[in-house]
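okay, structure incoming, though there's no sequence with it:
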């Protein structure tokens, strides 16, 4: 299957001083600011918009998606537990499971897996 793939690491998470599990950490103020800046930069680029977004179910990844969502009002979004801290193999598996009608896909996830995927 051939498609365009965008990899987006979630915005910076808040430091854990509240006893939250890593999965529950929200974006930090800096993470919100930088993701908003990314949204502005992406809106200025002549990129094909994704038709499908695969997003980790971690709170900070979902918040990253919410900040980017105004750019992609017609996208199908799949929140996937399997993308939380996913290694390369799990990222590839998630891509293999999507409908082949999608020609442009975005993954919003986590490092180290996204970094190694590139």
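Sure, I can see it. As the structure is a computational prediction, the values presented were derived from the model and not from experiment.

neighbours around the residue lying closest to residue 90 once chain neighbours are set aside, how many?
With C-beta to C-beta, 6 or more residues apart in numbering as the criterion, residue 90 has its nearest non-adjacent residue at 5.6 Å, and that residue is residue 82. The way it works is simple: take the backbone N, C-alpha and C, and place the C-beta from them, glycine included. With neighbours defined by other C-beta atoms under 10 Å, the count for residue 82 comes to 14.

so residue 82 makes contact with residue 95?
No - assessed by C-beta atoms under 8 Å, residue 82 is found out of contact with residue 95, at 11.4 Å.

which residues does the residue nearest to residue 90 contact?
Neighbouring residues of residue 82 by C-beta atoms under 8 Å, 6 or more residues apart in numbering: 90, 93-94.

out of those residues, who has the most neighbours?
residue 94 (19 neighbours).

for that residue, give its distance to residue 35.
21 Å (C-beta to C-beta, to the nearest Å).
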